[in-house]
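> sequence? don't have it. structure:
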Ligand code: ATP
Ligand code: MG
């Protein structure tokens, strides 16, 4: 049975565009066969927006790209001779051409032997049935779906399945195991049972894949609407154990004297899903992943009070650079942002518990700076009680904290604030060389302002510095005028 009328219409609407007519004409000029293929075809059928178009050409992909770009009046063609591919940008789409090829993997090498091949050969080498469909760009059957592995059926049934034997497919290129989980998480699909079993059997093959490529798939999982789906699959298959043991260590519940703590792995996933509902920011999502990461290392049992995790926010934030480095994540401002949020993640909760002073609010605004809103989102997401009444109550208290932050911020403008007295001024006033005393004096001034002891202006801060400096036994520089 061919595809339904509905689908035929969908595909013809998608390809009935000047762009595809032009591509078709260019191919015809060269007497080459060409097809839309892979993710682009999948996303047309799913009705998902995509920017990348992949075209497979039976023959030279490079020639086809050059002709097509010229006919479209597109920009420069980038040629990757070694891969037999070429790409150019047209409007805001990236169009990539590849010559159809046949890949055979040898037992003892990660690199396949690549030869020119037919369309079918090229479809055979693709990772999943839903990624192996092609749409003809040829005049004779323009718009026709070529679907040798029933990818369409799997798309309708929402199944991730490999075209060939999954054990071989995953062993040939173990990155495909990460991709399977990534598509399951992005699309909300199920990995077919045999396929999942094959992943479980050879999760440790992931060790031949570079950390960069693993991170790329991991970040796509994290950016999906419900990232816990992907993380649970990574955990159950033990892929996660291969590159992120710290998060695996969060799993489990210990009970002593009848007192249990919560399972911090599943709690973390709930927090991550909650953040995902509030924000698309990858690094805020990473902060959710890392917020309790040091709980196992700081866990203690106190017969009176039960389980404690004192200092996990501090230790956790100090672990961030090591983990980011290993996972090949950026070690720049984004990492600092994650560290800061992990470090501060208990502070807003503390502010909901008692009568809050302006000074406590001012301190939080000062320390969180521009990231105060992100921090509030993380903390709201951190409420994962099953008791809805409790959740509601906490969220309401956070709303009150937000209001107080707004009030204090409007009054004091403490966000992005720098204390008015610099180390330089202190050194000049007391004629000192850089030393610990200067740091102490500087922070005493900052504390006095944050506590509301003195107003936030230069003059009051200067006078406070003189007083405090004398108290500390510092001598003023002899004044020449
Ligand atoms: P997206 O672009 O949304 O990340 P995609 O399916 O387009 O998803 P790409 O990485 O752009 O993924 O790859 C394009 C196509 O190339 C895929 O649809 C698939 O057919 C094929 N492909 C990519 N990576 C592999 C792989 N490791 N093994 C086999 N085929 C692959
Ligand atoms: Mg793509």
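Received it, and whenever you're ready, just let me know what you need. Being a predicted model, the structure only gives us computed values, none of them experimental. Numbers count the residues shown, from 1 in each chain. Ligands and ions are numbered 1, 2, ... in the order given.
> In the chain, where is pLDDT below threshold?
Applying pLDDT under 70 to the chain flags the ranges 1-3, 354, 479-481.
> residues contacting residue 445?
Counting by Cβ atoms under 8 Å, 6 or more residues apart in numbering, residue 445 makes contact with 419-421, 461, 464-465, 468. Placement of C-beta: from N, CA and C, glycine included.
> any chance you could map the helices in the stretch 51-200 of the chain?
For the stretch 51-200 of the chain, the helices defined by DSSP state H, counting those that start in this stretch occupy 61-72, 119-124, 151-157, 166-172, 175-187, 193-201.
> want to throw these into TSV with distance to ligand 1?
Shown next, in TSV, are the helices of the stretch 51-200 of the chain (distance: least, Cβ to the nearest ligand atom, whole Å):
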stretch	distance to ligand 1
helix 61-72	13
helix 119-124	8
helix 151-157	10
helix 166-172	8
helix 175-187	5
helix 193-201	14
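> coming back round to it: go through the contacts of residue 445 and single out the one with the most neighbours.
Ranked by neighbour count (other Cβ atoms under 10 Å), the contacts of residue 445 have residue 465 at the top, with 22 neighbours.
> from the chain's centre, how far out does the helix or strand containing that residue sit?
Using DSSP states H and E, residue 465 sits in helix 458-471. From the chain centre to the centre of helix 458-471 is a distance of 47 Å (Cα atoms, centre = their mean, to the nearest Å).
> again with stretch 55-69
34 Å.
> go on, stretch 469-477?
With Cα atoms, centre = their mean, you get 51 Å for stretch 469-477.
> And it, what's buried?
Residues of stretch 469-477 classed as buried: 469, 474 (neighbour count, 16 or more other Cβ atoms under 10 Å).
> same question, stretch 233-253
233-235, 237, 239-244, 246-250.
> And stretch 399-419, by the same measure?
Buried residues in stretch 399-419, counted by 16+ other Cβ under 10 Å: 401, 404-405, 408, 412, 414, 417, 419.
> now do stretch 68-87
68-69, 72, 74, 77, 79, 84-87.
> quick revisit: list the ones among the buried residues of stretch 233-253 that fall in helices.
Here DSSP state H is the test, and those give 233-235, 237, 239-243, 246-248 as lying in helices.
> Ligand 1: which of the buried residues of stretch 233-253 is nearest?
Distance to ligand 1 across these (Cβ to the nearest ligand atom) is lowest for residue 239, with 14.8 Å.
> Can you verify my assumption that that closest one contacts residue 203?
Yes. Under the criterion of Cβ atoms under 8 Å, residue 239 makes contact with residue 203 at 4.9 Å.
> okay, and the common contacts of the two?
With Cβ under 8 Å, 6+ apart as the test, residue 239 and residue 203 both reach residue 177.
> Reduced to three states, what does residue 320 come out as?
Following DSSP: H, G, I helix; E, B strand; the rest coil, we place residue 320 in the helix state.
> how close does it get to residue 337?
10 Å (Cβ to Cβ, to the nearest Å).
> of those two, who's got more company?
Just comparing residue 320 and residue 337: by other Cβ under 10 Å the higher neighbour count belongs to residue 320, 25 against 19.
> My read is that that one contacts residue 335, right?
Yes. Between residue 320 and residue 335 there is a contact under Cβ under 8 Å: 6.2 Å.
> In contact with the one residue in the chain that gets nearest to ligand 1, which residues?
Relative to ligand 1, the nearest point of the chain is residue 39 (2.1 Å; Cβ to the nearest ligand atom). Residue 39 makes contact with 50, 52, 54, 131, according to Cβ under 8 Å, 6+ apart.
> and the gap between the closest residue to the last one other than its chain neighbours and residue 100?
Using Cβ to Cβ, 6 or more residues apart in numbering and skipping the chain neighbours, the partner closest in space to residue 131 is residue 38 (5.2 Å). According to Cβ to Cβ, residue 38 and residue 100 sit 12 Å apart.
> and what of residue 350?
On the measure of Cβ to Cβ, residue 350 and residue 100 end up 62 Å apart.
> what does the stretch 1-150 of the chain have sitting close to ligand 2?
39, 52 (Cβ under 5 Å from the ion).
> Show me which residues of the stretch 1-150 of the chain are close to ligand 1?
38-39, 52, 54, 126-127, 131-132 (Cβ under 6 Å from any ligand atom).
> and those, which of them are in strands?
When DSSP state E is applied, those are split such that 52, 54 fall in strands.
> on that earlier part again, now the buried residues of stretch 68-87 as TSV including distance to residue 223?
Below are the buried residues of stretch 68-87 laid out as TSV (distance: Cβ to Cβ, whole Å):
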residue	distance to residue 223
68	31
69	31
72	31
74	29
77	30
79	31
84	31
85	26
86	29
87	23
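> ok, the residues you listed vs ligand 2, which is closest?
Closest to ligand 2 out of the buried residues of stretch 68-87 is residue 87 (11.6 Å), distances taken as Cβ to the ion.
> residue contacts, the residue lying closest to residue 240 once chain neighbours are set aside?
Leaving aside its sequence neighbours, residue 240 sits nearest to residue 234 (Cβ to Cβ, 6+ apart; 3.9 Å). For residue 234, the contact set (Cβ under 8 Å, 6+ apart) comprises 181, 221, 240.
> can you pull the buried residues of stretch 187-198?
So stretch 187-198, judged by 16+ other Cβ under 10 Å, has buried residues 187, 189-192, 195-196, 198.
> scratch that, stretch 367-376
By 16+ other Cβ under 10 Å, the buried positions in stretch 367-376 come out as 367-368, 371-372, 374-376.
> how about these in CSV, adding distance to ligand 1?
CSV is the format used below for those (distance: Cβ to the nearest ligand atom, whole Å):
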residue, distance to ligand 1
367, 38
368, 34
371, 29
372, 33
374, 26
375, 31
376, 32
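> and which of the residues you listed is nearest residue 166?
residue 374 (40.2 Å; Cβ to Cβ).
> Where does the stretch 51-200 of the chain get nearest to ligand 2, residue-wise?
When distances are taken as Cβ to the ion, the stretch 51-200 of the chain reaches nearest to ligand 2 at residue 52, 4.0 Å away.
> Is it correct that that residue is in contact with residue 90?
No. If you go by Cβ under 8 Å, residue 52 and residue 90 don't touch, sitting 11.6 Å apart.
> So the two - more neighbours on which side?
residue 90 (17 against 13).
> so how far is residue 73 from the more buried one?
In this structure, residue 90 and residue 73 are 9 Å apart, going by Cβ to Cβ.
> mind giving me the domain ranges of this protein?
Split into domains by automatic domain parsing, the chain comes to 5-157, 158-243, 423-471.
> And the ones you listed: which comes nearest residue 396?
Nearest of these to residue 396, taken as Cβ to Cβ: domain 158-243 at 25.6 Å.
> wait, does that closest one make contact with ligand 2?
No. Figure legend: domain 158-243 not in contact with ligand 2 (Cβ under 5 Å from the ion); closest approach 10.9 Å.
> got the contact list for residue 426?
Residue 426 neighbours (Cβ under 8 Å, 6+ apart): 432, 438, 441-442, 465, 469.
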